[in-house]
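**Q** Using only what follows, build the 3D model:
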Amino acid sequence: MTLKRLAATLLLATWAAGSLPALTEAEERCAKAAETLEEILAAPDKGVPQDLFSRAHCVVIVPGMIKGGFIVGGKYGRGVISCRGPEGKGWTGPTSVRMEGGSVGFQIGGSKTDLLLLVMNQHGKSNLLESKFTLGGDASVAAGPVGRTANAQTDAQMQAEILAYSRSQGVFAGISLEGATLRPDPKQDEELYGKRVDRFAVLDGKEPVPPGAKVLVDTLTKYSTQEHR
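**A** Residues are numbered from 1 along each chain as shown. Modelled structure (predicted):
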């Protein structure tokens, strides 16, 4: 390729990239959540047990919870919630959420930490929709089991309404998030859906999935069946 052709190709690529609309903050949050979910669930032997994920009523994904220090008051992350669609089919569009620390009992020392919560029953989902939801207070939470199957679940894990997982520096593990709180983030929902939406309606599948959230819903669907390995 001549220098002139190379320059023209680079110019065209730059123009094409510049002509694409930039992702909004809400769309970027969905994209990061989808990427995080893909990386966690694709782990062959040390990820979330497939049968547990297939039974989850809702999931909460918080990419990059914090950078540095203990997760305590004042430190927080932003993520998304999606639930099973009507009659347990498919997944709803997401709503945005903010997670605020609490005494979760671990330090991540400057590394990025991703969080994944599995909401295992309808009661947990109902509590999740409150304006302020405290893990371990409004619903029982336990560190989730890790591995291909959930055969090694403890009594606490089997009884918990929410199972919690974390990933930091490539290390994936169940984690207790006692005292952490979740709050809705309605401004991000409005940005994502292009209008004000009711989060109850969204998570009941009464709002169509916005284009900016399709990658997340597609990823959830991909890993939702027992047949997926």
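**Q** got a pLDDT number for the most centrally placed residue in the chain?
**A** The centroid of the chain falls nearest to Ile61 when counting by CA atoms, centre = their mean (1.5 Å). Ile61 is assigned 96 on the pLDDT scale.
**Q** show me what contacts it?
**A** By CB atoms under 8 Å, 6 or more residues apart in numbering, the contact list for Ile61 reads 33, 36-37, 79-80, 114-117. Every residue, glycine included, has its C-beta placed from N, CA and C.
**Q** Does it lie in a helix or a strand, and which?
**A** Applying DSSP states H and E as the criterion places Ile61 in strand 58-62.
**Q** from the contacts of Ile61, which ones fall inside strands?
**A** Among those, DSSP state E puts 79-80, 114-117 in strands.
**Q** rewinding a little: report the distance from the strand holding Ile61 to the chain centre.
**A** Mean C-alpha position of strand 58-62 versus that of the full chain (CA atoms, centre = their mean, to the nearest Å) differs by 4 Å.
**Q** Can you give the strand pairings for that strand, parallel or anti for each?
**A** Under the criterion DSSP bridges, strand 58-62 sits next to strand 76-83 (antiparallel), strand 113-119 (antiparallel) in its sheet.
**Q** could these go into a markdown table alongside mean pLDDT?
**A** Formatted as a markdown table, the strands paired with strand 58-62 follow (pLDDT from 0 to 100):
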| stretch | mean pLDDT |
| --- | --- |
| strand 76-83 | 92 |
| strand 113-119 | 90 |
